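>>> build the 3D model from these lines:
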Amino acid sequence: MDGQKITGFLIDIDGVLYTGDTPVPGAREAIAYLMDQGYPFRCVSNSTRKCRATIAAKLETMGFDIPESAIFTPPLAAVRFMQETGKHRAYLLTTGDVDRDFAGTCTDDGSIAVDYVIVGDAGDRVTYASMNHAFRCLMEGADLIALEKDRYWMDKDGLSLSAGPFVAALESATGKTATVVGKPAKAFFDLALRDRGLDARGVVMIGDDILTDIGGAQGAGMRGVLVRTGKFREDTLENARVKPAAVINSLGDIRTIL
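Predicted structure coming up:
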């Protein structure tokens, strides 16, 4: 790391705080240390299967003392985007309870006459029927919003496809380009920073994805620190054009970069 003072952190959740249902060793202690030392932070995630409240509850069961207000996710960014445009009709291609974050903002009556198709990591909801409905909505004039475009993520039973490949399929079929409101979009990082009142120049992003986390953070004016947990792969690091400011074994080693 360079000598520039660190004034705050953005910290990825899945793969950095925990993997599957298991906390990363030392991660809870690292968060407690940051709070004790007065470092402001936001926990940012591209997870689009769970609403913010559910993520906070899961972290609590794992022993993390992280309030719901300290969590920032793509659905929250999408809601703000929709509010700014004044449009609210949308087809949500998501799974889990993430629709709770859209309550009061998004309406879906099942028709193809919508303003947006919003795609997240939809798991088993990605079927021919659901993708074809999304395709028809887009062909009828809807715009495409990608909650994230990650290629894959580390589930508890192994690497699993994320939203990116399915967003790419809809883009290919319709000729439309998705507006990405999750990592690595600069808008996502900017919103997360503003949510905590942080200046990008003093903030370090800690993540397990060299492109989404580290590359995205650098594009938003931050430094990026890569951890060797979660989806980290040594060969991916070696072959990537993006170079992190530092690589640490896990969040538990955060003191080594301070």
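>>> can you give me the helices for the stretch 1-150 of the chain?
In the stretch 1-150 of the chain, the helices defined using DSSP state H, counting those that start in this stretch lie at 27-37, 52-61, 74-85, 128-139.
>>> looking at these, which has the lowest confidence?
Lowest mean pLDDT within the helices of the stretch 1-150 of the chain: helix 74-85, a mean of 89.
>>> now it against helix 52-61, angle please.
160 degrees (axes from the mean of the first three to the mean of the last three Cα atoms, to 10 degrees).
>>> flag every buried residue along helix 74-85.
Buried residues in helix 74-85, counted by 16 or more other Cβ atoms under 10 Å: 74-79, 81-82. For every residue, glycine as well, the C-beta is placed using N, CA and C.
>>> of those residues, closest to residue 209?
Minimum separation from residue 209 among the buried residues of helix 74-85 (Cβ to Cβ) is found for residue 74, which lies at 14.2 Å.
>>> what's the nearest residue to residue 150 if we skip its chain neighbours?
Once flanking residues are discounted, residue 150 sits nearest to residue 162: 3.9 Å by Cβ to Cβ, 6 or more residues apart in numbering.
>>> enumerate every residue touching the one you found.
Taking Cβ atoms under 8 Å, 6 or more residues apart in numbering, we find residue 162 in contact with 46, 121, 148-153.
>>> what do you get for residue 186?
Residue 186 makes contact with 216, 219-220 under the criterion Cβ under 8 Å, 6+ apart.
>>> low-confidence bits of the stretch 151-258 of the chain, can you list those?
Across the stretch 151-258 of the chain, nothing is flagged by pLDDT under 70.
>>> follow-up on the earlier one: looking at the helices of the stretch 1-150 of the chain, which one is packed in the most?
Across these, the average number of neighbours (mean count of other Cβ atoms under 10 Å) peaks for helix 74-85, which reaches a mean of 19.
>>> which residues sit against that one?
By Cβ under 8 Å, 6+ apart, the residues outside helix 74-85 that reach it are 46, 48, 51-52, 88, 90, 98, 101-102, 105-106, 115-116, 118, 120, 145, 147-148, 179, 181-183, 187-188, 191.
>>> what subset of the contacts of residue 162 is buried?
Buried subset of the contacts of residue 162 (neighbour count, 16+ other Cβ under 10 Å): 46, 121, 148-150, 153.
>>> determine which two of these are furthest apart.
Farthest pair in the buried ones among the contacts of residue 162, by Cβ to Cβ: 149 and 153, 11.9 Å.
>>> any idea how far residue 124 lies from residue 247?
Spatial separation of residue 124 from residue 247 under the definition Cβ to Cβ, to the nearest Å is 35 Å.
>>> and these two? which has more neighbours close in?
Neighbour count, other Cβ atoms under 10 Å: between residue 124 and residue 247, residue 247 has more, with 18 against 7.
>>> where does residue 191 land in three-state SS?
Recorded secondary structure, residue 191: helix (DSSP: H, G, I helix; E, B strand; the rest coil).
>>> excluding chain neighbours, what is closest to it?
Nearest non-adjacent residue to residue 191, counting by Cβ to Cβ, 6+ apart: residue 77, 5.3 Å away.
>>> for residue 19, which residues are in contact?
Taking Cβ under 8 Å, 6+ apart, we find residue 19 in contact with 154, 156, 229-230.
>>> among these, which one lies nearest to residue 28?
Taking Cβ to Cβ as the measure, residue 28 lies nearest residue 229 of those, at 13.6 Å.
>>> would you map out the domains in the protein?
Residue ranges for the domains of the chain, per automatic domain parsing: 8-46+183-257, 90-180.
>>> redo those as CSV? Include distance to residue 59.
Shown next, in CSV, are the domains of the chain (distance: least, Cβ to Cβ, whole Å):
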stretch, distance to residue 59
domain 8-46+183-257, 7
domain 90-180, 15
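>>> and among these, the most buried is which?
Comparing the domains of the chain by mean count of other Cβ under 10 Å gives domain 8-46+183-257 as most buried, with a mean of 19.
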